[in-house]
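Peer 1: the sequence and its predicted three-dimensional model are supplied below.
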Amino acid sequence: MLSLTGPQVDYLRPLKTHDIPKVLTIERQMYSYPWSEGIFKDCLKIGYSNWAFIKDGQFVGYVILSVAVGEAHILNICLDPAYQGKGLGRQFLKEVLIIAKKKNANSVFLEVRPSNTAAVQLYKTAGFKKIGKRKNYYPAADGKEDALVLSLDLTSDSA
């Protein structure tokens, strides 16, 4: 269990199978094209670095993090909409980056929808840089949406 800064009421713990219903509730609230239950079960089975974010005893977020050969990839990170806009996303992301460093990652990558301006701003504030674009990556109401590919160097002093 990792404790976030501040009182011992916020922490990360490994994500478990019994958390999947809570994960799906948040996932479906936040995304028009949510991941399926099977995808989350596969992430647990494969052994990705999967974490639950707990605040005041409540499950409020989750992250699916793949770490291999010095690189981490944030595959999915999400915070319950009721807890957004309070600085918790920044706090959660910071703790995820600490986990990546502890797992010997030198860099972190992720994809984000350009239309998700709040997330794009959060990542930029955290020091992520745009390194590319994946054409037609995400499903969208009018077809497909590109993804911005972002990267953060964890070896620099600012990370």
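Peer 2: Nice, I can see it. Numbers count the residues shown, from 1 in each chain.
Peer 1: centroid-nearest residue for the chain?
Peer 2: Centroid check for the chain by CA atoms, centre = their mean gives residue 77 as the closest residue, at 2.2 Å.
Peer 1: which strand residues bridge that residue?
Peer 2: Per DSSP bridges, residues listed as beta-bridge partners of residue 77: residue 63.
Peer 1: hmm, residue 96 and it touching each other?
Peer 2: Yes. The pair residue 77 / residue 96 is scored as a contact, 6.7 Å apart, by CB atoms under 8 Å. Backbone N, C-alpha and C define where each C-beta goes, glycine included.
Peer 1: so where is this structure shaky, pLDDT-wise?
Peer 2: 1-9, 157-159 (pLDDT under 70).
Peer 1: helices of the protein, residue ranges please.
Peer 2: 20-30, 37-46, 88-102, 117-125 (DSSP state H).
Peer 1: residue 30 and residue 55, how far apart?
Peer 2: 16 Å (CB to CB, to the nearest Å).
Peer 1: swap in residue 20?
Peer 2: 19 Å.
Peer 1: what of residue 148?
Peer 2: In terms of CB to CB, residue 148 sits 28 Å off from residue 55.
Peer 1: reformat the helices of the chain as CSV; add distance to residue 110 and mean neighbour count.
Peer 2: As requested, the helices of the chain are arranged in CSV below (distance: least, CB to CB, whole Å; neighbours: other CB atoms under 10 Å):
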stretch, distance to residue 110, mean neighbour count
helix 20-30, 15, 16
helix 37-46, 15, 14
helix 88-102, 10, 18
helix 117-125, 7, 15
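Peer 1: mind checking which of these is nearest residue 14?
Peer 2: Across the helices of the chain, residue 14 has its closest neighbour in helix 37-46 (9.3 Å, CB to CB).
Peer 1: tell me which residues are up against the closest one.
Peer 2: 15-17, 20, 23-24, 27, 50, 64, 75 (CB atoms under 8 Å, 6 or more residues apart in numbering).
Peer 1: equivalent analysis for stretch 118-128, please.
Peer 2: Against stretch 118-128 from outside (CB under 8 Å, 6+ apart): 84, 89-90, 93-94, 97, 108, 110, 112-114, 148, 150-152, 158-159.
Peer 1: one more pass at 6 Å, please.
Peer 2: 89, 93, 112, 150, 152, 158 (CB atoms under 6 Å, 6 or more residues apart in numbering).
Peer 1: distance of the closest residue to residue 29 other than its chain neighbours from residue 98?
Peer 2: If the residues on either side of it in the chain are set aside, residue 29 comes closest to residue 81, at 5.6 Å by CB to CB, 6 or more residues apart in numbering. With distances taken as CB to CB, residue 81 is found 24 Å from residue 98.
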